[in-house]
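1. Everything below, folded, please.
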Amino acid sequence: MIKTTKTMREIVADEPLFADFLVSKGFPFTVENPITEYVTFEDVVMLRELDKEAFLNEYAAFKAAMA
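-> Alright, predicted model coming up:
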């Protein structure tokens, strides 16, 4: 499971498929963007007003489908 208090760059380093998932959901995500060193997943949830559990469940399904 993703530790949501890590920065987005740390999360993607641990879970490379998460970057693909974010892009598939329409997020303009790239690790080359320096903001990924500072923004956490919790920040993204708050800013985008996401349902954190639903989003993480969608990612789990995406990850399973890619396996």
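2. The most centrally placed residue in the chain: what's it in contact with?
-> Centroid-nearest residue in the chain, with C-alpha atoms, centre = their mean: F18, separated by 5.1 Å. Residues in contact with F18 (C-beta atoms under 8 Å, 6 or more residues apart in numbering) are 2, 11-12, 59. (C-beta placed from N, C-alpha, C; glycine too.)
3. farthest pair in those?
-> V12 and Y59 (11.8 Å; C-beta to C-beta).
4. Buried residues in the longest helix seen in the chain, which are they?
-> Taking DSSP state H as the criterion, the chain has its longest helix at helix 52-66. Residues of helix 52-66 classed as buried under the neighbour-count rule (16 or more other C-beta atoms under 10 Å) are 55-56, 59.
5. Need the contact partners of it.
-> 1-2, 4, 15, 17-18, 20-21, 24-25, 41, 45.
6. tally of neighbours for V45?
-> V45: 16 surrounding residues under other C-beta atoms under 10 Å.
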